[in-house]
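Peer 1: No sequence on hand, only this structure:
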């Protein structure tokens, strides 16, 4: 696992450009810019003070203890989320979404002042709000939207959750249900009671959100299509038909049996799904509620409404940014098949994008690494569970053996060598070479240097003796095909993958260098005149001085949480903060005593930090995850 972990480092190296100018050929994952909002530097106690009056004066005079607990838990949760690295500040997507929020709250000044919206880097199709008036919308949801009016309705729904205090009331009600207080004394099914209360709040957010939506001039028809997005939330944001030609060359051609003729049509969520224990009513009920409240509107009024009020161009740009960024998020989440297909779809409009080509490379690399480690099933979803055109890609992955996928990934990596030199591409290419030699083919001579010919197809798979001690590489290849040594590769098409590259001096030299490196790692002493120290020797030398064998350390987000299992509320939030500070100081002191140079990046202390420090922390947190 250590080798696997180290080799995957390149997957998580982020592009270091910090500007937000949109260059989709050399796109950089979205980052925050400008000045960090005050929430980033606030403590849990600050958030408590900010919301204290509002919470304690809501939900009746009873349950003061429960409301205090809600204040404590929600305040520390929102503090952690703001410094998670997932939340974006002052980026182009957030700025656009904020303009739409102001559009839908134009007739409610108080609501406009009390709320704010942030974009979250996440593949989950979701939007949610907090009791403090912070609304969060994921890039996964934004990537699926078709127009601004859909975004407007989603914001209206979330704004009602805040305005009607659904978050606080839900917490208080669930506490009563759990403790069987008030009208719940005789409740026999507490899960059903919680579900019913939650569904009532969601229905209210739909209906009252519609009333807010109708104060704008947005197209009402967009609401039904918003429910369509929820219905197909598991589908990619595009449905471009997949062709294996993106991975094929004149000499590397997949067998026809690797290509899926028919794909399963997307069915989406069952709109009449049983929602007895769900937090939301099923989609059919939600659509009916909306239709019942809009049926009386005249067609003349409806016809004058618009899909875009802020900016169609702004919407399309924000959505495209979200889609490009989502590819990177897929990689971070090790969702390689989705990352590949999303990048594949985007390449249709941006065929010269180096960023997208690298997403495809990193996806293939991740899949190849884990398939070589016999862990592919944990990453690529079975093609039977996928609907739509992406099913063809996952079918191809399913049919390829680990040796084939390794070759295909290497072949694609080498095709990117024509691009300007890139340290990530170079690192991944070298590691794919090493994987190929260590696990599958010990020499380039095992691949054919001549194109496939019909007479090369051997139907007799019986073993053939090799008598000539110095036969040609071509002869050895034919014998290998006859012996059919690899049961996962009965067509042997993969042995012709490098026909053209074996005439490329740079490719063959790299292959030889990796072969030599692999032999050396396996114990071949190589040139006895060359004296070198192994990594293990150098490590042991340092053990005399440094306990970890290193003289420098980077500590990312030291975490300390105090828990008292004797108490009903076991997590001690307030004392955890002071304990964490002591913990961090202890790490620093011990490093000094051990003569280790140390840098601590602590997301708890961003009060006076720059936006760049926040972005750097976000990159490191993603890498550590």
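Peer 2: Received, thanks. As the structure is a prediction and not an experimental result, all values here were calculated from the model. Residues are numbered from 1 along each chain as shown.
Peer 1: contacting residues for residue 319?
Peer 2: 142, 143, 145 (CB atoms under 8 Å, 6 or more residues apart in numbering). The way it works is simple: take the backbone N, C-alpha and C, and place the C-beta from them, glycine included.
Peer 1: likewise residue 71?
Peer 2: Neighbours of residue 71 in contact, by CB under 8 Å, 6+ apart: 48, 51, 52, 55, 56.
Peer 1: Any chance of TSV for these, columns secondary structure, pLDDT and distance to residue 520?
Peer 2: Converted to TSV, those look like this (DSSP: H, G, I helix; E, B strand; the rest coil; pLDDT from 0 to 100; distance: CB to CB, whole Å):
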residue	secondary structure	pLDDT	distance to residue 520
48	helix	90	60
51	helix	89	62
52	helix	89	66
55	helix	90	66
56	helix	90	70
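Peer 1: between the contacts of residue 319, which is nearest residue 202?
Peer 2: Nearest to residue 202 among these is residue 145, at 19.8 Å by CB to CB.
Peer 1: Give me the neighbour count for that closest one.
Peer 2: By other CB atoms under 10 Å, the residues close to residue 145 number 22.
Peer 1: quick one: it and residue 230 touch, right?
Peer 2: No - assessed by CB atoms under 8 Å, residue 145 is found out of contact with residue 230, at 11.3 Å.
Peer 1: from the contacts of residue 71, which is closest to residue 24?
Peer 2: Closest approach between the contacts of residue 71 and residue 24, by CB to CB: residue 51, at 40.4 Å.
Peer 1: Can you report how many residues lie near that closest one?
Peer 2: 20.
Peer 1: The one 3 residues further on too?
Peer 2: The local packing count at residue 54 equals 15, with neighbours defined by other CB under 10 Å.
Peer 1: same thing with the one 3 residues further on?
Peer 2: For residue 57, the count of nearby residues is 10 (other CB under 10 Å).
Peer 1: Mind pulling the model confidence for it?
Peer 2: At residue 57, the pLDDT value in this model is 86.
Peer 1: Residue 355 now?
Peer 2: Residue 355 is assigned 97 on the pLDDT scale.
Peer 1: That one: what's it in contact with?
Peer 2: 15, 24, 25, 26, 27, 28, 324, 327.
Peer 1: Let's see that with 6 Å instead.
Peer 2: Applying CB atoms under 6 Å, 6 or more residues apart in numbering, we find residue 355 in contact with residue 27.
Peer 1: quick one: low-confidence parts of the stretch 151-300 of the chain?
Peer 2: Low-confidence segments of the stretch 151-300 of the chain (pLDDT under 70): 300.
Peer 1: Check the stretch 451-600 of the chain too.
Peer 2: 454-491, 522-548.
Peer 1: Which residue ranges of it form helices?
Peer 2: Applying DSSP state H, counting those that start in this stretch to the stretch 451-600 of the chain gives helices spanning 473-483, 505-521, 535-543, 573-593.
Peer 1: Number of residues surrounding residue 592?
Peer 2: Here the count is done by other CB under 10 Å, and residue 592 has 11 residues near it.
Peer 1: For the closest residue to it other than its chain neighbours, which residues count as its bridge partners?
Peer 2: Among residues not flanking residue 592 along the chain, residue 598 sits closest, at 7.7 Å (CB to CB, 6 or more residues apart in numbering). Applying DSSP bridges to residue 598 yields these beta-bridge partners: residue 553.
Peer 1: Measure how buried residue 598 is and give me the count.
Peer 2: 15.
Peer 1: Pipe the contacts of residue 71 into CSV and attach distance to residue 254 per row.
Peer 2: Shown next, in CSV, are those (distance: CB to CB, whole Å):
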residue, distance to residue 254
48, 60
51, 58
52, 63
55, 60
56, 65
